[in-house]
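Trainee: below is the sequence, then the predicted model.
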Amino acid sequence: MLKFRGKGVYSAVAVGKIAVFKRQELKVKREKVEDINGELDRLQAAKAEAIAQLNEIYKKALEEVGETNAAIFEIHTMMVEDEDYNEAIADMIVTQKVNAEYAVAIMGDNFAEMFAAMDDAYMQARSADVRDISNRIISCLMRSTSGEDNTNEPVIICADDLAPSETVSLDKDKVLAFVTAHGSTNSHTAILARNMNIPAIIGVGEEFLSSVKDGDVAVVDGFTGEFILNPDEKTVQDAEAKHAQEQEKKELLQKLKGKDSITTDGKKINVFANIGSVDNIGAVLLNDAEGIGLFRSEFLFLERNDYPTEDEQFGIYKRVLESMAGKKVIIRTLDIGADKQCDYFNMPKEENPALGVRAIRLCLSNPQVFRVQLRALLRASAFGKLGIMFPMIANVWELERILQICEEIKSELKDENIEYSELTELGIMIETPAAALISHRLAPMVDFFSIGTNDLIQYTLACDRQNPNVEPFCDTHHEAVLQLIDMTVQNAHHFGRWVGICGELAADTSLTQQFISMGVDELSVSPTFVLKVRAAVRKSHAKEIQE
Ligand code: PEP
Ligand code: MG
């Protein structure tokens, strides 16, 4: 029995046989060619075939993982058609009189290395995409297909890394789990795995690959990130029991669909969902969330190469509101900066981006971008029950400025005879200790607070949320954090405002009773945690129980 550890990307357990992912080795040789035009024609034909394949993969991805996640294959198509990339390949064929396979391999490598050397983590991750499309074109030139698993029994796929197109091409019914030696949690592969609900561990390390072989049995624990090769009987039994327990819990929770999130003494708590895209609404409805407590609007900006227009944003916000059919939807304005960088904002590089011009600071520094978003949001407010919330508030003057801009936008819309809802709630995130400490000043100015515990913890305990090495110093139940939450709730209630929690801590059911005792009115969590939190609410009580 051998144990390895990586990062769990999707929390579930699998036990089964291994299939080592065999990628067809594309042995490219340099060959001299005389017929340059013929070679360029071959290249054209291979590119057309690659694009046709990518269209098919896009369609499959659209069905399995939704529009946002499938978009990577549209990007792949764009990369195949990229002018610089194509010119570089064609130039090499013409000037060096070499075969197309060789030119694609060399230029593909050059472009991939150029991406890998960039500072931006998102751009670095594109390096794998360039390699992926170059291999696809080479395969088409060689009339071969990339490696596919042909087994019938569902297996645990073990690979060095998986390209996004390889991940989505896996037949979901034949894959129990996948484990890779490399890969980052930011990669599209990891995101796709999460959305395909496949237990997965990434970054297990090089050594694991030399230890696994086809047919070996393994346990994949996506909760702990543990990969156990050739487990003993007891380990298999434990894993199977854990898997069965999880299934049972999931089935039990299904029974809570349609039920109220109400404490034993009758207090209604709103159990809402956090999402980052319209594609996640299916999961919100499937898990019976009572509303959307946090729509991270920045993903709309992150997944494109230029600012979305007012009309584009309006269309998306309206779709979210209409899909939720009258249930409350809280959309957070842009929270770009820190770990979420967006190239076209052309922000100067910062020493400490988490303490830099992020979120509301960026919006107040770029009021035009902010105004476009607010116009789109207010226009959409006519189509449902909207709340708008502002992230990273630390000063009263920021909120004064925001409210002033909101008033200006409303009067603009009135002048233009454009409809919006006067009932739109305006709220702020409490995610800096400063905001919690002055919450008595902020509460009278807004309709609600939503506590962002992810950042509140990072800023209170001075622990970078991106740095795994400070995790031992980052006690999410730290009394300083809990006191700030309590203070925020009491100050909000003093002014008759409602308070939610939308950070990850909202899903920590060991704290549900404590949050409810403090008076928290809403808990907003990932869609898959909604029923778990509803179950915890239904076991809690709002009033103190007299001994
Ligand atoms: C938070 O900080 O808790 C939060 C919900 O916002 P984000 O995780 O998007 O920073
Ligand atoms: Mg935050």
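Mentor: Yep, that arrived. Numbers count the residues shown, from 1 in each chain. Ligands and ions are numbered 1, 2, ... in the order given.

Trainee: if we ignore the residues flanking it in sequence, what's nearest whatever residue of the stretch 301-450 of the chain ends up closest to ligand 2?
Mentor: Ligand 2 sits closest to residue 431 of the stretch 301-450 of the chain, with a gap of 4.7 Å, by Cβ to the ion. The way it works is simple: take the backbone N, C-alpha and C, and place the C-beta from them, glycine included. In space, and not counting its chain neighbours, residue 431 is closest to residue 452: 3.3 Å by Cβ to Cβ, 6 or more residues apart in numbering.

Trainee: report how many residues lie close to the one you found.
Mentor: Residue 452 has 29 neighbouring residues, counting by other Cβ atoms under 10 Å.

Trainee: and it, how far is that from residue 509?
Mentor: To residue 509, residue 452 is 19 Å away according to Cβ to Cβ, to the nearest Å.

Trainee: now the element after the helix of greatest length in the chain, going C-ward?
Mentor: Counting by DSSP state H, the longest helix found in the chain is helix 36-80. Next along the chain after helix 36-80, taking DSSP states H and E as the criterion, comes helix 83-96.

Trainee: give me the angle between that next one and helix 36-80.
Mentor: Per axes from the mean of the first three to the mean of the last three Cα atoms, to 10 degrees, the angle that helix 83-96 makes with helix 36-80 is 160 degrees.

Trainee: which bits of the stretch 401-547 of the chain sit near ligand 1?
Mentor: Selection of the stretch 401-547 of the chain residues close to ligand 1 by Cβ under 6 Å from any ligand atom yields 431, 452-455, 502-503.

Trainee: can you pick the most crowded of those?
Mentor: The residue in those with the most neighbours, by other Cβ under 10 Å, is residue 452 (29 neighbours).

Trainee: how about that one, what does it touch?
Mentor: Residue 452 sits next to 391, 429-431, 502-503 when contact means Cβ atoms under 8 Å, 6 or more residues apart in numbering.

Trainee: sec struct for residue 179, please.
Mentor: When classified by DSSP: H, G, I helix; E, B strand; the rest coil, residue 179 comes out as strand.

Trainee: any idea how many residues pack against it?
Mentor: As a measure of burial, residue 179 has 31 neighbours, counting by other Cβ under 10 Å.

Trainee: quick one, what contacts it?
Mentor: Applying Cβ under 8 Å, 6+ apart, the residues near residue 179 are 6, 156-159, 200-202, 204, 208, 218, 220, 227.

Trainee: does residue 4 touch residue 230 like I think?
Mentor: No - at 11.8 Å, residue 4 and residue 230 do not qualify as touching, with contact defined as Cβ atoms under 8 Å.

Trainee: and the two? Which one has more around it.
Mentor: It is residue 4, of residue 4 and residue 230, that has more neighbours when counted by other Cβ under 10 Å, with 20 against 14.

Trainee: now do the host helix or strand of residue 101: distance to the chain's middle.
Mentor: With secondary structure defined by DSSP H and E, residue 101 is part of helix 100-116. Relative to the mean C-alpha coordinate of its chain, helix 100-116 is positioned 29 Å out (Cα atoms, centre = their mean, to the nearest Å).

Trainee: thinking again about what came up before, which of the residues of the stretch 401-547 of the chain next to ligand 1 sits closest to residue 68?
Mentor: residue 502 (20.2 Å; Cβ to Cβ).

Trainee: ok, the closest one - contacts?
Mentor: Going by Cβ under 8 Å, 6+ apart, residue 502 touches 272, 274, 293-294, 330, 429, 450-452, 524.

Trainee: among these, name the buried ones.
Mentor: If you count burial by 16 or more other Cβ atoms under 10 Å, the buried members of the contacts of residue 502 come out as 272, 274, 293-294, 330, 429, 450-452, 524.

Trainee: restricted to strands, list those.
Mentor: Assignment to strands by DSSP state E places the following of the buried ones among the contacts of residue 502 there: 272, 274, 293-294, 330, 429, 450-451, 524.

Trainee: could you list the contact residues of the chain toward ligand 2?
Mentor: With Cβ under 5 Å from the ion as the criterion, the chain meets ligand 2 at residues 431, 452, 455.

Trainee: try 8 Å this time
Mentor: Taking Cβ under 8 Å from the ion as the contact definition, the chain meets ligand 2 at 335, 359, 391-392, 429, 431, 452, 454-455, 503.

Trainee: what two of the residues you listed are the furthest from one another?
Mentor: Spanning the widest gap among these are 359 and 503, at 14.1 Å by Cβ to Cβ.

Trainee: on that earlier part again, identify, from the ones in strands among the buried ones among the contacts of residue 502, the entry nearest to ligand 1.
Mentor: Nearest to ligand 1 among those is residue 294, at 5.8 Å by Cβ to the nearest ligand atom.

Trainee: what lines up beside the longest strand belonging to the chain in the sheet?
Mentor: Counting residues, the longest strand found in the chain (DSSP E) is strand 13-20. Strand 13-20 has the following sheet partners, assigned by DSSP bridges: strand 155-159 (parallel), strand 217-221 (antiparallel).

Trainee: which one of the ones in strands among the buried ones among the contacts of residue 502 is nearest residue 242?
Mentor: The closest of those, once distances to residue 242 are taken by Cβ to Cβ, is residue 274, at 26.1 Å.

Trainee: right, and the closest one touches residue 523 too?
Mentor: No - Residue 274 is not in contact with residue 523 according to Cβ under 8 Å; the separation is 10.3 Å.

Trainee: find the residues that touch each one of these two.
Mentor: Common contact partners of residue 274 and residue 523 (Cβ under 8 Å, 6+ apart): residue 293.

Trainee: now for the closest residue to residue 529 other than its chain neighbours, how many residues are close by?
Mentor: Using Cβ to Cβ, 6+ apart and skipping the chain neighbours, the partner closest in space to residue 529 is residue 507 (4.2 Å). Look at residue 507: counted by other Cβ under 10 Å, it has 20 neighbours.
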